[in-house]
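Novice: Could you look at this predicted model? Sequence included:
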Amino acid sequence: MNPLPSDNLPRRLSRSDAKTLVLSALGGALEFYDFIIFVFFAAVIGKLFFPADMPEWLRQLQTYGIFAAGYLARPLGGIIMAHFGDRFGRKRMFLLSVFLMALPTLAIGLLPTYAVVGLWAPLALLLLRVLQGAAVGGEVPGAWVFVAEHAPANRNGLACGTLTAGLTTGILLGSLVAAGLSRHYAPEQVLAFAWRLPFLLGGVFGLGAVYLRRWLDETPVFEEMRRRKALAQELPLKLVLSQHPVAVLRAILLTWVLTAAIVVVILMTPTLLQKLYGISAAQTLSANSIATLLLTIGCVAGGALADRFGPGVVLSIGSAMLLLSTYALYLGVAHNPEWLLPLYALTGLFVAIVGVIPLILVRSFPPAVRFSGLSFSYNVAYAIFGGFTPPVVSLLTKANPLGPAHYVAAMCVIGVAMGLLGVRHAANALHVGQPEYRA
């Protein structure tokens, strides 16, 4: 069979490319907001959905356990959606994933609490988090594949970085909403009713994302594979596991680095700083918003730098700087709380290595099984490492206030090593026929 043509000639993004990137990133922001808003209200949810006489550390651990359940459900949702995405089209799954996210988010905003229905409250919350996890399991890898296959070969990094910036914008929206509520409502009002507002708003966001994605076209790579009848004839995941085990391992390790950067530094740190050093929720959430803004900008810049210098170089340098800045944040705030804003902002900027990782992931698998390979590796890793990171970091923090920084540092070492050594072996081009990929 003749190889599939590819867009190998260097060129700028066209107007159509730009439209695809903007709509995909905006839709991703709205859906990712739905998934992560839970963590910004973890302390409140713990008080409302578990017995009042439960020890605080156990309540926090169980609340993060429900948060983790969303990650544990991601592989199943991701594998199913990726299978159909490789066989029947990327766009269909792109629409389905966001729709399946909006409904559970609305339902969480309407749930009765433990005081009303007892044990049924945390069980219902757990079920809805599982449904959210299944939806986002198909969303994130599918979105990276979608934008990368639309972009010209010399703009793959920018495309993946822009999409990742959209996802982090969802985190920023969550941080801004949480900060706004903490400023406009007293703690007792948040406990009484205001905690529901972000989830109800998220449901509306999700339905808006469904509408936006109706205007997107199927990727040229998939359309060409379908025209040439080059789609995977066997079960895509079977081909991935039998023919691309090294790529799977590489993607799992890189996803572990990504989870540490996002889950610990961006999602958990505001709550951790409140508990460790008594800093107010308003202060930590405001600093988190600035850090996430710089993260969003950094993802786009990091993707562009990866196109220019190679993702391995950017990943190695960025991981080393993230290690140093995370220790600076936790040590600095412990001694000088007024340094919170600049230190958190600097750390957020270097979390932007997460904008480079998707470029490596999408180029690790050939087009016919790309969605399945990326989705399986990414979601299994996120289920294991992302899901267990909150409770593990909580236990580390109980033993040592620098526990979160130690965890991030260990992952950064992996990031440096992968950038220097492992990434250069990713040989699959984004488009068949493209020159061999090198870090």
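Specialist: Right, received. Where do you want to start?

Novice: mind showing which ranges of the stretch 201-350 of the chain have poor pLDDT?
Specialist: Low-confidence segments of the stretch 201-350 of the chain, defined by pLDDT under 70: 219, 228-234.

Novice: can you map out the helices along it?
Specialist: Assignment of helices within the stretch 201-350 of the chain using DSSP state H, counting those that start in this stretch yields the ranges 220-228, 236-243, 245-259, 269-277, 281-309, 311-335, 340-350.

Novice: what would those helices look like in TSV with mean neighbour count and distance to A409?
Specialist: The C-beta positions use only the backbone N, C-alpha and C, and glycine is treated the same way. TSV is the format used below for the helices of the stretch 201-350 of the chain (neighbours: other C-beta atoms under 10 Å; distance: least, C-beta to C-beta, whole Å):
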stretch	mean neighbour count	distance to A409
helix 220-228	17	38
helix 236-243	17	31
helix 245-259	21	11
helix 269-277	21	14
helix 281-309	22	18
helix 311-335	21	5
helix 340-350	22	12
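
Novice: quick one: which of those helices is nearest F35?
Specialist: helix 245-259 (13.5 Å; C-beta to C-beta).

Novice: can you give me the strands in this structure?
Specialist: Under the criterion DSSP state E, strands are not mapped anywhere in the chain.

Novice: hang on, the earlier thing: output the helices of the stretch 201-350 of the chain in JSON lines, with distance to G419 appended to each entry.
Specialist: Written out in JSON lines, the entries for the helices of the stretch 201-350 of the chain read as follows (distance: least, C-beta to C-beta, whole Å):
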{"stretch": "helix 220-228", "distance to G419": "27"}
{"stretch": "helix 236-243", "distance to G419": "24"}
{"stretch": "helix 245-259", "distance to G419": "9"}
{"stretch": "helix 269-277", "distance to G419": "24"}
{"stretch": "helix 281-309", "distance to G419": "11"}
{"stretch": "helix 311-335", "distance to G419": "3"}
{"stretch": "helix 340-350", "distance to G419": "13"}
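
Novice: P367: which of those is closest?
Specialist: Sorting those by C-beta to C-beta, the top spot, which is the nearest, belongs to helix 220-228 at 5.3 Å.

Novice: Off-centre distance for the closest one?
Specialist: Taking the mean of its C-alpha atoms, helix 220-228 sits 28 Å from the chain's own mean (C-alpha atoms, centre = their mean, to the nearest Å).

Novice: Which secondary structure elements does it sit against?
Specialist: Applying 3 or more C-beta pairs under 8 Å, 6 or more residues apart in numbering; DSSP states H and E, one finds that helix 220-228 makes contact with helix 120-150.

Novice: Indicate which one of the helices of the stretch 201-350 of the chain is closest to L421.
Specialist: Of all the helices of the stretch 201-350 of the chain, helix 311-335 sits nearest to L421, with 8.7 Å by C-beta to C-beta.

Novice: returning to that earlier point: A405: which of the helices of the stretch 201-350 of the chain is closest?
Specialist: helix 311-335 (4.5 Å).

Novice: coming back round to it: of the helices of the stretch 201-350 of the chain, which is nearest S182?
Specialist: When these are ranked by distance to S182, counting by C-beta to C-beta, first place goes to helix 281-309 at 4.8 Å.

Novice: Just the buried residues of stretch 121-138, please?
Specialist: Of the residues in stretch 121-138, those buried under the neighbour-count criterion (16 or more other C-beta atoms under 10 Å) are 121-122, 124-125, 128-138.

Novice: Same question for stretch 142-155.
Specialist: For stretch 142-155, burial by neighbour count (16+ other C-beta under 10 Å) applies to 142-153, 155.

Novice: Nearest to R74 among those?
Specialist: Distances from R74 to those, taken as C-beta to C-beta, are shortest for G142 (12.1 Å).

Novice: Count the residues that sit near T168.
Specialist: T168 has 30 neighbouring residues, counting by other C-beta atoms under 10 Å.

Novice: could you check the distance from it over to G348?
Specialist: Remark: distance between T168 and G348 (C-beta to C-beta, to the nearest Å) = 9 Å.

Novice: which residues do the two both contact?
Specialist: Counting by C-beta atoms under 8 Å, 6 or more residues apart in numbering, the shared contacts of T168 and G348 are 266, 292, 295.

Novice: from memory the first one sits against G348, does it?
Specialist: Yes. In terms of C-beta atoms under 8 Å, I266 counts as a neighbour of G348; the distance is 7.0 Å.

Novice: Give me the common contacts of those two.
Specialist: By C-beta under 8 Å, 6+ apart, I266 and G348 have these common neighbours: 291-292, 295.

Novice: circling back to that earlier point, tabulate the buried residues of stretch 142-155 (a markdown table), appending pLDDT and distance to M101.
Specialist: As requested, those are exported to a markdown table (pLDDT from 0 to 100; distance: C-beta to C-beta, whole Å):
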| residue | pLDDT | distance to M101 |
| --- | --- | --- |
| G142 | 82 | 12 |
| A143 | 83 | 12 |
| W144 | 87 | 17 |
| V145 | 85 | 18 |
| F146 | 83 | 16 |
| V147 | 84 | 18 |
| A148 | 83 | 22 |
| E149 | 81 | 22 |
| H150 | 80 | 22 |
| A151 | 80 | 25 |
| P152 | 81 | 30 |
| A153 | 77 | 31 |
| R155 | 84 | 28 |
